[in-house]
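Q: after the sequence you'll find the predicted model.
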Amino acid sequence: MDGKVLIANRGEIAIRIMEACKDLDLDYIVVYTDADQDSEHVRRNITSGPKQNAWRITSYTEPNDLFAVATHTRCTAIHPGYGFFSEDFRFARRATIRDHSLIFIGPNWEVIKNLGDKINTKRVANELNIPTIPGTDAPIYNEMEAEDIAHHLLEGQKVEGITNPSILIKAAAGGGGMGIEEVTEIEQFRRVYRQVQSYAKRQFGDGGVLIEQCLTDYNHLEVQLLCSQHGERIHFSSRNCTIQSTGRQKRVEAAPGFHASCFDYDFDEKLVLDQIVEYSLKLAAHVRYDNVGTWEWIVSRSGQPYLLEVNTRIQVENDVSARISYLDGKHPNLIREQIRLALGEKMGFKQNNVEFQGASIELRIVAEDTRRGFAPWIGTITEFTFPDHDWSTVYTHVPFDRPYTIPSEYDPNLALALVWGKNMDEAKERAARYIDEVRIKGQDSQGGSITTNLDYLKQNLNRLLTF
Amino acid sequence: MTELLKALQKIEERINYLIQIKDFTNWGNLFGFQETCTELKQNPYEYHEEQFKVEIRKLDESITFLEERAEEQLTPMERVRIVRTVERFSLKDILENVYEDYTELGGQDEANIDPAMVCAKATIVRKIKNKPYTATVMVIGQETGHGEEFRNGGSCKPEGNEKALRYMKVAETEGIPIHFYVFTPGSFPIEEYPGAAQQIARNIYAMTKLRVPSVSLISEGGSGGAEAIGLSDFRLMCSHGYYSVISPEGAAAIEGRIREGQKVPKELIEVCAERLKLTAKDNRTLGTIDAIVKEPPLGARHDDFAFFAQIRAEITRATDKVVLSTKSFKAFRDWENKRRKKKTERKDLAVDIPWDLNRDEQRRLLILRSKKYREMAMHGFSGHPDPTETFFKQFQEKSEKFYYNLRYDLIKNSHKQAKKIFREVSGEGSVMFKRLSTPLTTLKDFLAKDGKRKSPPLRITYNKTIPTTQPVQDPLELTDKYTSPLANEDRTVTCPNSHKNGCKDLWIPDLYGEFAGVCENCGHHFPLEYKWYLHNIFDPDSIRFFATDITSGNPLGYTGLNKRLKDSKKKTGRNSGNLTFTAKVMDIKIVTSMLYRDFRSGTVGSAEGEKFVQACELATRKKRPLLSYVHTTGGIRIQEGTLGVTQMPKCTMAVREYIDAGGLYIVVYDNNSYAGPVASFLGCSPYQFAIRSSRIGFAGIRVIRETTGIDIPPDYHSARNALKRGHIQGIWDRRDFRRNLHKCLMTMGSHNLYYR
């Protein structure tokens, strides 16, 4: 294909995008910061000379630098990866409408804008009769009305037989967990409501609040979609991402979303999974979604799904879904497909060409202390080896052949390991074996040895796909 | 010999005075004469007494000749210098010599809240038919103090003006006339509580409706400082004084675009003094003063006792005139006064006219004052000056007034009354009914316990029973109908607060498009053009401009102004720097006046003032709220001289009448708002708000540094500081302008507004 892609990200995703570009015969440019000089995504490229394709920038979140590099190197497209600018509709818009226009590899900015707003997503979903978490879909400013709604929600939960009914009051303009309070009894409601309202007014300049049912017992599911600009939409089944660190960072993901071998549910898991896939496709069609995206769902113990939000980007765990999917007998590469579709190509295959088989598990290997609140570990890695099986793969930006110092500026993610098998039991077994075979050694500045979450990962395999 | 030496001394003083007036140039060999004087003085005994006498006489003759020539060819700048000499009479001299007795109020000399402002209770004696009549008056004026340092040259601080205001109110309570004496080069431009501009605005606002006769005498009238005590029923001016919008030096610095610290060329100052038309004669022609008090040649000095007698006569006559004009029955006395004066040339009065007014006379006094200022500066612009000039228009206005009065006063009020009575009655009734029906309803409830009661639909999602409705777009939210032309550029700007708050660079299309010119991180507001506000504050397609044919002119024939006005008109396609229009905000009809930057930096001249007054009148007539949005104002348009300055009392008078009639006057400042307008008709609003990052003040930083020598911090004029010292009532985010304005319209103002 023709074109030159600026890879505006770091770590393993930068490498994966690089590989995908090579696969598609596209030119690419990578960027790096001072802290990332030793990272694999830089070492594999050329940092000086006439063939330079790695450029140093001040920060991955500095759009001026990124666009300056893009203009200078005559890039035609930009891939934001995940994190950083991947879901920033302003960045996408700027890339698209600036003088030296770039193709933003991802959904178009209007879609990002519409779905990036959680309240708006909820509203649109409700219009389409897609279930969302019970609560308000517009900011509430009136205390009386708010209390009425809260009362209604609490009563509703009692009727459903939930033992500890509770609701959340959120600042409508907030985000990232700020300005959220829980209320379990209607008597407390007014006090907490006022507290949140004044906080919101002070912090965000807008006193609107949202009131939602608080779900305590649920599974976090995701549906992977791939859409083209020509109105074609393919799904890659669902995955389960319930096991998360304290900061809501996923640690173990598995596909498919539920599996009969792991649990004893009183609902038909196939029906639920089909239902959320169908709902996801419906919403995607409604908003004219045109690239990869993930629909996040919450499924309660009774099997009721609720749409949580839409991630308008390629996700870290996209490969989990790819490893249970077979296209012409091979695992698809979703990043490659994403780039291809963003550049305007047609899908080239149909939903019934995609076959789902077996189960897969992704392990996020992170240098952190899981017993101390997932505190990151900073130091130098001296030994780093992974087993090589035909049922596993690993994505990492940490070099195998030399020591590597983890930069303190970024997350201490080391590697993503994927294992897959015929069924979930086999996958779990292989994952445990895989963890045992991993060798990571390292030292921090005090001479202490490395702390990783391998044990945590192994322990959590047992509760995979259960409540 | 001593007498001769004394005479010599006198002559020397005269020479020095002349030298001062001529700005230390060797005009008419003045330095030569000075040398002769010194020589004579140093060696008096080398001359024979006769010879000495001859020398002195010779000197005297030459100096007298020179003085006559000087008086003949007195230029405006020389008049300014006369006023500035230390020999010039001051308010203390007047208090000593014009009035019988006086008691200084609010401080003495240095022990004073502001030594530059003197307030005194004084008695003045009038001889009528050889019988003395004493009257008490309040004397308020600036004291230059013959060069005394602590008097600050008559430059008043806010607290000085506040003192003046206090004693004006005392005079009002006591019902005695006020004599104002204006001796100020301008107000001291510091922003201490409540701010120079704010205090002047409060003074003017109070003076517009002061229920006692007031007369002012202007010797040195510098812009805002003069206006702070200058609004009166009769304005006198000394023939050698000046009354100007800005000091000639200031005008020259602006004209010549002189950078700070550089010297302003003398020729330019002279030229500017000439152009500003600041002399008594010019002001009389322009109609900004009512009469001139003749001074002796080359101006009155502190020992011109004849002149003080004249002041006494003039000021009493002026007071009499003002008082007489309010009397309903005055024909005979008026005639008698005129007759006697002509016949005998006597300055004394023929009949006694008591200076205290009854209620009716006070009302008439206020009407006359209002009329006097309404008619000021009418020839400063072209286009339809007055909406009442034709019979048809007059009829239309009258019928409009009648209609709106009928509709919003009579009918609405009776409606309200009826409603109130109905509510009272029904309230009583419902209590009685409830008593009777309670047993029945309880029984009904008891029986229907099993049946579910229907509750109103709630805005809860995923509730299968209740269909969700499409939420309507909040009509107070910003829309993206209009995008600023500033946004058409692919580059980034750095927020000026980025070093403090770590703001990210802002991409121009985002900044001027989606963000409405506001830094997302710190809320810094970048300036936007006035058109943005036209599109984003008011309901779509609701703007109707009026008085568009009032055109800014060049009443003083100021060189170069015609071209600049033409450029501005071409650039904006509009006739003046004030947009007046009616518009709607959430269907509430309002009247708006908008000073905007593109037309001569939003300076206020006669046309702008007239449009503002017409907006006030329209709003009064139709009982609508009045919004004054200040996109930018650079102050009074200096090229219109005192015609510009009189816009301050004129507009304040109009807006005061609007507020008194029960109107809601909201002022919103944006970008830069300085000087005259802020110190009068804008600053007098009880509801003033500022857009964040705007600057509000009296004088610019540079002027403050040059006039006071105080080095002030860069955020001196920030909206936050204005809020702190009580000038404005709130700071608005630009994106919430419409929402806040709507809230204001709904919650503020009296019941007299049409929609209440």
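A: Looks like it came in fine. Residues are numbered from 1 along each chain as shown, chains lettered A, B, ... in the order given.
Q: next, the residue in the stretch 251-400 of chain A that chain B sits nearest to: phi, psi?
A: As assessed by CB to the nearest CB, chain B sits closest to A:Y306 within the stretch 251-400 of chain A, at 7.2 Å. Where C-beta positions appear, they are placed from N, C-alpha and C, glycine not excepted. With angles defined as degrees, to the nearest 10, A:Y306 sits at phi -130, psi 140.
Q: can you give me the pLDDT of it?
A: Confidence at A:Y306, expressed as pLDDT, is 92.
Q: and for residue 12, the neighbour number?
A: With no chain named, the answer covers chain A. Look at A:E12: counted by other CB atoms under 10 Å in any protein chain shown, it has 22 neighbours.
Q: actually it's chain B I care about, not the one you picked
A: With other CB under 10 Å as criterion, B:E12 counts 19.
Q: and the stretch 251-400 of chain A, which of its residues are near chain B?
A: Neighbours of chain B within the stretch 251-400 of chain A, by CB under 8 Å from any CB of the partner chain: A:Y306.
Q: show me the shaky parts of the stretch 251-400 of chain A.
A: Low-confidence segments of the stretch 251-400 of chain A (pLDDT under 70): none present.
Q: could you pull out the helices for it?
A: For the stretch 251-400 of chain A, the helices defined by DSSP state H, counting those that start in this stretch cover A:269-287, A:318-322, A:334-342.
Q: format these as JSON lines; extra columns: mean neighbour count.
A: Converted to JSON lines, the helices of the stretch 251-400 of chain A look like this (neighbours: other CB atoms under 10 Å in any protein chain shown):
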{"stretch": "helix A:269-287", "mean neighbour count": "18"}
{"stretch": "helix A:318-322", "mean neighbour count": "27"}
{"stretch": "helix A:334-342", "mean neighbour count": "23"}
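Q: so can I have TSV of these showing distance to B:T632?
A: Converted to TSV, these look like this (distance: least, CB to CB, whole Å):
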stretch	distance to B:T632
helix A:269-287	43
helix A:318-322	53
helix A:334-342	46
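Q: show the backbone phi and psi for A:R239.
A: phi -140, psi 160.
Q: would you agree it is in contact with A:K250?
A: No: using CB atoms under 8 Å, A:R239 is not in contact with A:K250; the gap is 9.9 Å.
Q: point me to the residue of the stretch 151-300 of chain B nearest chain A.
A: Nearest residue of the stretch 151-300 of chain B to chain A, counting by CB to the nearest CB: B:G195, 27.1 Å away.
Q: picking that back up, who has more neighbours, A:R239 and A:K250?
A: Using other CB under 10 Å as the criterion, A:R239 and A:K250 rank with A:R239 on top: 27 against 19.
Q: could you pull up the residues touching the more buried one?
A: Contacts for A:R239 (CB atoms under 8 Å, 6 or more residues apart in numbering or on different chains) come out as A:221-222, A:224, A:253-257, A:317, A:320-321.
Q: repeat for B:H525
A: Contacts of B:H525 by CB under 8 Å, 6+ apart are B:517-519, B:691-694, B:734.
Q: what's across from it in the sheet?
A: Listed beta-bridge partners, B:H525: B:V518 (assigned using DSSP bridges).
Q: any idea whether the closest residue to chain B within the stretch 351-467 of chain A is helix, strand or coil?
A: Closest residue of the stretch 351-467 of chain A to chain B, CB to the nearest CB: A:E409 (15.7 Å). At A:E409 the chain is in coil, as set by DSSP: H, G, I helix; E, B strand; the rest coil.
Q: ditto for the one 10 residues further on
A: Of the three states, A:V419 takes strand according to three-state DSSP.
Q: low-confidence ranges in the stretch 51-200 of chain B?
A: Checking the stretch 51-200 of chain B against pLDDT under 70 turns up nothing.
Q: now the stretch 451-600 of chain B
A: Across the stretch 451-600 of chain B, the ranges flagged by pLDDT under 70 are B:451-473.
Q: show me the domain layout of chain A.
A: A:4-105, A:134-213, A:218-463 (automatic domain parsing).
Q: looking at these, which is closest to B:A309?
A: Closest approach to B:A309 among those (CB to CB): domain A:134-213, 67.0 Å.
Q: how long is the closest one end to end?
A: 6 Å (CA to CA, to the nearest Å).
Q: that one close to chain B?
A: Yes: residues of domain A:134-213 contacting chain B under CB under 8 Å from any CB: A:134-138, A:140, A:145, A:148-149, A:152-153, A:205.
Q: need the buried ones from those residues selected in ChimeraX.
A: Only the buried entries of these go into this ChimeraX selection, using 16 or more other CB atoms under 10 Å in any protein chain shown:
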select /A:134,135,136,137,138,140,148,149,152,153
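Q: and the furthest pair within the residues of domain A:134-213 next to chain B?
A: Taking CB to CB, no two of those sit farther apart than A:H152 and A:G205, at 28.6 Å.
Q: so, low pLDDT: which residues of the stretch 251-400 of chain B?
A: B:330-351, B:384-389.
Q: if we can go back for a sec, including distance to B:A7, could the domains of chain A go into JSON lines?
A: Converted to JSON lines, the domains of chain A look like this (distance: least, CB to CB, whole Å):
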{"stretch": "domain A:4-105", "distance to B:A7": "82"}
{"stretch": "domain A:134-213", "distance to B:A7": "79"}
{"stretch": "domain A:218-463", "distance to B:A7": "91"}
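Q: so which of those domains gets nearest B:I56?
A: Closest among the domains of chain A, using CB to CB: domain A:134-213, at 81.3 Å.
Q: remind me which helix or strand whatever residue of chain B ends up closest to chain A belongs to.
A: Nearest residue of chain B to chain A (CB to the nearest CB) works out as B:D490 at 4.2 Å. According to DSSP states H and E, B:D490 maps onto no helix or strand at all.
Q: so how far is A:F67 from the residue nearest to it when sequence neighbours are not counted?
A: Distances taken as CB to CB, 6 or more residues apart in numbering or on different chains put A:D99 closest to B:D490, at 4.2 Å, once the chain neighbours are dropped. Remark: distance between A:D99 and A:F67 (CB to CB, to the nearest Å) = 10 Å.
Q: which of the two has more neighbours?
A: A:F67 (24 against 9).
Q: which residues does the more buried one contact?
A: Contacts of A:F67 (CB under 8 Å, 6+ apart): A:94-95, A:98, A:100, A:102.
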